[in-house]
Structures are given as structure tokens and as C-alpha cells.
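1. Structure for the following, please:
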Amino acid sequence: MKITSTAVSLTVGDVPASAAFLTRHFGFEEAMAAEGFASLALEGAANVIFLQRGIEVLPEGFRDQHAAGVIIAFTVTDLEAEYERLQSEGVPITMPLREEPWGERLFQVTDPNGVILELVSWAAPDDG
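-> Prediction:
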């Protein structure tokens, strides 16, 4: 098997709101869209797909569920600059910039549908 691309698909209540959030604040472009569906792409990164809750393409037992317990993580090169940029754009920062003991530096924002996006970079390991 040769995997040629990766996408994450999330079920939300307002597809256009989540799609607009990723295009405006993260540089994604709409690759395809239809009623209750948007596929977004960012060159060199995984695609993100939003599906309208209740849409028939979803398995019957999942149609009315909202994306929950999922965090989309983007590794970035200048975490502090992204933090400042998103704050200045009025994006809700739902977890402030922090560093975890294992060296992960991160912060989280939340889109209009409650989808959590994490921006992350890796700190150099301590020499001590």
C-alpha cells in the first residue's frame, strides 16, 4: 500500500463557519464544497474536511454526533509569532502558550463549532 494523502473529517453544525475559520486564519483553500460539505487543503499539510451533522453520507449511528475529543495539531516554525498573530486577529485562545515537561510547546484555539486546533513546536531538550 502507498498512502498518497491524508485528511481528517469532522462533523460540525455549521460547515461554512469552520471552513471560513481555517481559510481566514490558517491559509487553507477550499478544494471542494457542496451543501453540507467542505474539503480544505493546505499545500504540504493534511486536508481537513467538514461534514454537516445529519448528512446522509455519515453512518446512521454517527450522523448527529458533533466532532468531540479530537484536536487538530499543526506543527509551526514560529509559535510565538503565530500566537501573537491569532490574538491580534481576535481568535479565541482557549489554552495559552505553554511548555510541557517533554518539550512540546503549544497553545490552542477553538473554531466557531468548538473544533480545537493546537499549534505546536518542539523545544530543545535540556542538557541538564
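2. Each with direction, which strands does the host helix or strand of T11 pair with?
-> In this structure, T11 sits in strand 7-12 according to DSSP states H and E. Strand pairing for strand 7-12, using DSSP bridges, gives strand 47-52 (parallel).
3. after the strand it pairs with, next one along is what?
-> strand 71-75.
4. in the helix or strand following that next one, what counts as buried?
-> Remark: after strand 71-75, the chain's next helix or strand is helix 79-88, criterion DSSP H and E. Neighbour counts over helix 79-88 (16 or more other CB atoms under 10 Å) mark 79, 82-83, 86 as buried. Yep, even glycine has a C-beta here, placed from its N, CA and C like the rest.
5. C-terminal to helix 79-88, which secondary structure element comes first?
-> Counting by DSSP H and E, what follows helix 79-88 is strand 93-99.
6. Name the surrounding residues that touch that next one.
-> Strand 93-99 has contacts (CB atoms under 8 Å, 6 or more residues apart in numbering) with 79-80, 83, 86-87, 105-110, 116, 118, 123.
7. I figured T11 hits V57, correct?
-> No. The criterion here is CB atoms under 8 Å, and T11 misses it with V57 at 10.2 Å.
8. Find residues that contact each of those two.
-> Common neighbours of T11 and V57, counting by CB under 8 Å, 6+ apart, are L51.
9. which of these two has more neighbours?
-> Between T11 and V57, counted using other CB atoms under 10 Å, the more crowded position is T11 (22 against 10).
10. So what pairs up with the more buried one in the strands?
-> Beta-bridge partners of T11, as defined by DSSP bridges: L51.
11. any idea how far it lies from V91?
-> T11 is 22 Å from V91, where distance means CB to CB, to the nearest Å.
12. The strand holding T11 to strand 71-75, inter-axis angle?
-> 140 degrees (axes from the mean of the first three to the mean of the last three CA atoms, to 10 degrees).
13. What is the subsequent helix or strand relative to the lowest-mean-pLDDT helix or strand in the chain?
-> Lowest mean confidence among the helices and strands of the chain (mean pLDDT, DSSP states H and E): strand 7-12, at a mean of 89. With elements assigned by DSSP H and E, the helix or strand that comes after strand 7-12 is helix 15-26.
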